[in-house]
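# The following block contains a protein sequence and its predicted model.
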Amino acid sequence: MKKILPVIVLYKIRLSDAASFRTLLQQHGVEEFVVYDNSPADFTQEDVEQNHPKAVYVRDVQNSGLPKAYNLAAEVAQQRGFSRLLLLDQDTEFPPEAWRLYHEHADFSGITAPRVVSIAGVAFSPYCPSLLHRSPKGAFSGFTSLRRMLVINSGMSVPVSLFLRVGGYDERVFLDFADFEFQKKLCGENDALCILPFAAVQDCSDDCREKEKVMKRFKIYLRCAQHCRQTTWGEKVSLRFRVLRHTLSLSLRTRSFSFLLLYLKTPLSAS
C-alpha cells in the first residue's frame, strides 16, 4: 500500500506560488497529490493537469471550504491505495526534513502533525483544549493524546481508514473550527497524537482594519460556530468563550461595537 497522499487547498494563488507546494511537494518530487482550488471563476490557474499529470485537480468556484476538499481527498486516497492523508493549506512552509519524518511515522495509528509557528516565531499549534487554548511551553514533540492537545489542519496527517471511519469532516463547519470539530470526533475512536520533531511556519497574519471586510469574515466565523457540536456543558462554555474573545478582539481592532452586537444577536446552537 502507498503511504501518504497530500491534499493542498488553494484560494486565489497559483499552485507554483503556494508555500506548502514549493517547500514540501516540489522540494521532494512528490507526484501524486490532490489540488482543491477554491478560487473564483475569474482567477486563471496554471495548467496543473498538464504540469502534474499524476495529480488530481478539482476546481470549486463556489468556494465550498476546507471540509469538502478533505473529504474528497480521503476518497481519492482510498481509491488509489494510500494509507494516510496529509492536509496542507497554501501558506505553510516546511523544513527539508519534513517529508522524511512524515514517512518515518506513517505507520502510526493516529494523527501526526508538526509544531506550527507564525512568521514572528510565535507557537500556536499544538494547543491545549482549554478555555485559553494556549500552546504548551517549550518545543514539545512526541506522543500524546487529542484529549490533551489539538492541532491545526495544515500539516496534519491522518490514517485514511480512521478518517473515513469517523465520517470525515463536517461540511457545515466549512472553515473556522473545522479542525477542532474533526478532532473531537476522533477522540471517540482513536485519540492518539504524535507531534513530529520539526516546526512548520504559517503565514497567519491578519491585521485588516476595514470594518466591512472584517465583518464579512466574522459572519463566516459565526456561521461555522453555530454548527459546532455542543453536547456537554463544558463544550458550550468553551465555544462561547472562544467566540466572545474573538469578537472583543475584532471590536478593539476596528474600534466598532458592531461585532459585539452581532455576537449578542446570534444564537450559537443551530446544530
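On my side now, so go ahead. Keep in mind that this is a model prediction, so the values were computed, not measured.
# Now do the phi/psi pair for Lys3.
Note on Lys3: its backbone torsions stand at phi -90, psi -80 [degrees, to the nearest 10].
# ok, the closest residue in space to it that isn't next to it in sequence - contacts?
Excluding the flanking residues, the one nearest Lys3 by C-beta to C-beta, 6 or more residues apart in numbering is Ala106, at 4.6 Å. Any C-beta I mention is one placed from the backbone N, CA and C, and that applies to glycine too. In this structure, Ala106 makes contact with 3-4, 83-84, 157, judged by C-beta atoms under 8 Å, 6 or more residues apart in numbering.
# now, which of the residues you listed lie within strands?
3-4, 83-84, 157 (DSSP state E).
# Where does pLDDT dip in the chain?
1, 130-139, 205-207, 270-271 (pLDDT under 70).
# Spell out for me which residue occupies the centre of it.
Nearest to the mean C-alpha position of the chain, by C-alpha atoms, centre = their mean, lies Asn153 at 2.3 Å.
# That one touches Asp179, doesn't it?
Yes - counting by C-beta atoms under 8 Å, Asn153 does reach Asp179; the two are 4.5 Å apart.
# still on that earlier bit, helix, strand or coil: sort out the residue nearest to the centre of the chain for me.
Of the three states, Asn153 takes coil under DSSP: H, G, I helix; E, B strand; the rest coil.
# Please name the residues that touch Glu171.
64-65, 67-68, 71.
# now swap in Pro159 and tell me
If a contact means C-beta under 8 Å, 6+ apart, then Pro159 has 83-85, 109-110 as its contacts.
# Phe33 now?
With contact taken as C-beta under 8 Å, 6+ apart, Phe33 is in contact with 5-8, 25, 52, 55-56.
# which among the residues you listed gets closest to Gly168?
For Gly168, the closest of these turns out to be Val7, at 12.1 Å, with distances computed as C-beta to C-beta.
# Double-check that the closest one belongs to a helix.
No - judged by three-state DSSP, Val7 forms no part of a helix; its state is strand.
# So in terms of bridging, what pairs with it?
Listed beta-bridge partners, Val7: Val34, Leu87 (assigned using DSSP bridges).
# how about it, what does it touch?
For Val7, counting by C-beta under 8 Å, 6+ apart, the contacting residues are 33-36, 69-70, 73, 85-88.
# Give the buried subset of these as a PyMOL selection command.
Only the buried members of the contacts of Val7 enter the following PyMOL selection, criterion being 16 or more other C-beta atoms under 10 Å:
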select buried, resi 33+34+35+36+69+70+73+85+86+87+88
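# Of all pairs in the contacts of Val7, which one is the farthest apart?
The largest distance within the contacts of Val7, taken as C-beta to C-beta, falls between Val35 and Leu85 and amounts to 13.9 Å.
# With distance to Leu239 as added columns, please give the contacts of Phe33 in TSV.
Converted to TSV, these look like this (distance: C-beta to C-beta, whole Å):
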residue	distance to Leu239
Leu5	32
Pro6	31
Val7	27
Ile8	29
Leu25	35
His52	40
Ala55	37
Val56	35
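# neighbours around Leu250, how many?
As a burial measure, the neighbour count of Leu250 was computed by other C-beta atoms under 10 Å and equals 22.
# mind listing what it touches?
Under the criterion of C-beta under 8 Å, 6+ apart, the neighbours of Leu250 are 214, 218, 259.
# now for the helix or strand hosting Glu75, which elements pack on it?
Element membership for Glu75 (DSSP states H and E) is helix 66-80. Using 3 or more C-beta pairs under 8 Å, 6 or more residues apart in numbering; DSSP states H and E as the contact definition, the elements that helix 66-80 packs against are strand 2-10, strand 34-37, strand 56-59, strand 82-89, helix 160-165, helix 178-187.
# Could I get the buried residue list for that helix?
When neighbours are counted by 16+ other C-beta under 10 Å, the buried residues of helix 66-80 are found to be 66-74, 76-78.
# Same check on stretch 37-56?
Taking 16+ other C-beta under 10 Å as the basis for neighbour counts, the residues of stretch 37-56 that come out buried are 37-39, 48, 52, 55-56.
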